[in-house]
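Trainee: Quick one, structure for this:
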Amino acid sequence: MNSSIFLSKAKYSTAGITHLMDHNPYMIAWWSAVFPGFGHYMLNQYLRATLLTLVEVTINTCAHINEAMVYSFCGEIELAKLTLNIDWMLGYLIIYLITIGDSFRSAVELNKLNALAKPTITNLEIFPSEVHYLKKKKPLIGALYSFLFPGFGQFYTHRIFLAFYAIFWWWVYILLSHSHRSIVLLLLGEIEHSITVLHPHWLLFMPSVIGGSIYFAHLTCRSHNELLLESQKVRLGNRYAGSKL
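Mentor: Now for the predicted structure:
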């Protein structure tokens with residue numbers, strides 16, 4: 001491979017740091033299967049990822065897929081069949097499979113581009129509305145923030161717009177699923193009431209969202225640390241090129 005041909009590996013914007021890194025395409029495809037759009041988030045393809053997550057929530061709601069899954073888990077197969085909206089479900093299935101395939105393909109292509117990329121990023125970039133900087137982060141802290149409240153791990157990694165988006169939707173899931181109310185009732189010993197108050201459709205989104213937020217925050221911290229180390233090596237190499245040191 002011609003080493004003189006290279007691309008920029010990372011770029012600052014008011015939204016944060018967008019960068020290339022090596023990914024396991026199968027892991028990316030798996031996260032797309034868990035929640036369409038999540039695989040693209042991990043590839044730093046934020047616009048298409050956001051649109052895909054909106055499509056997932058909208059079509060899943062119209063097709064009643066989550067409710068049908070709950071009935072299936074409970075052994076109520078016939079009730080699950082009656083719950084599904086076939087018109088929406090078939091469209092959902094097509095989009096779901098294409099999303100998985102596209103995330104896998106994108107991961108393979110971006111891995112090839114990453115091999116040509118150089119970490120030419122600086123450690124600090126100042127914008128009129130935001131200050132972004134590259135420093136070593138603790139992946140476990142990012143994961144912990146996302147575990148406590150999805151979106152705050154993205155704040156820790158300076159993905160500002162994504163953080164607000166995640167926090168907004170987590171509040172939506174909390175309010176519509178009544179999960180916090182259920183937790184309080186459970187702590188008060190009202191076990192049956194804590195179960196009946198839950199809305200299964202919105203509750204079923206939450207494990208995927210919190211799991212994806214934790215993994216993505218941890219992944220971003222590790223990739224930022226690698227990017228920082230690589231950029232320092234490049235700057236030191238350029239600064240002391242030809243030196244006898």
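
Trainee: where along the protein do the helices fall?
Mentor: 25-34, 38-42, 46-63, 65-73, 77-83, 86-116, 139-148, 152-156, 160-177, 179-187, 191-196, 200-203, 205-239 (DSSP state H).

Trainee: Highest mean neighbour count out of those helices?
Mentor: Stretch with highest mean neighbour count among those: helix 38-42 (a mean of 26; mean count of other CB atoms under 10 Å). Using the backbone N, CA and C atoms, a C-beta is placed for each residue, glycine as well.

Trainee: quick one on the thing from earlier: which stretch among the helices of the chain comes nearest Ser8?
Mentor: Ser8 lies closest, by CB to CB, to one member of these: helix 86-116, at 10.1 Å.

Trainee: and the closest one, what does it pack onto?
Mentor: Packing contacts for helix 86-116, counted by 3 or more CB pairs under 8 Å, 6 or more residues apart in numbering; DSSP states H and E, involve helix 25-34, helix 38-42, helix 46-63.

Trainee: For the worst-scoring helix or strand of the chain on mean pLDDT, which helices and strands make contact with it?
Mentor: When each helix and strand of the chain is scored by mean pLDDT, DSSP states H and E, strand 7-8 comes last, with a mean of 76. Counting contacts by 3+ CB pairs under 8 Å, 6+ apart, strand 7-8 packs against strand 117-118.

Trainee: Could you pull up the mean pLDDT of the strand it packs on?
Mentor: Averaged across strand 117-118, pLDDT comes to 79.

Trainee: Can you list the strands that it pairs with?
Mentor: Strand 117-118 has its sheet partners listed here by DSSP bridges as strand 7-8 (parallel).
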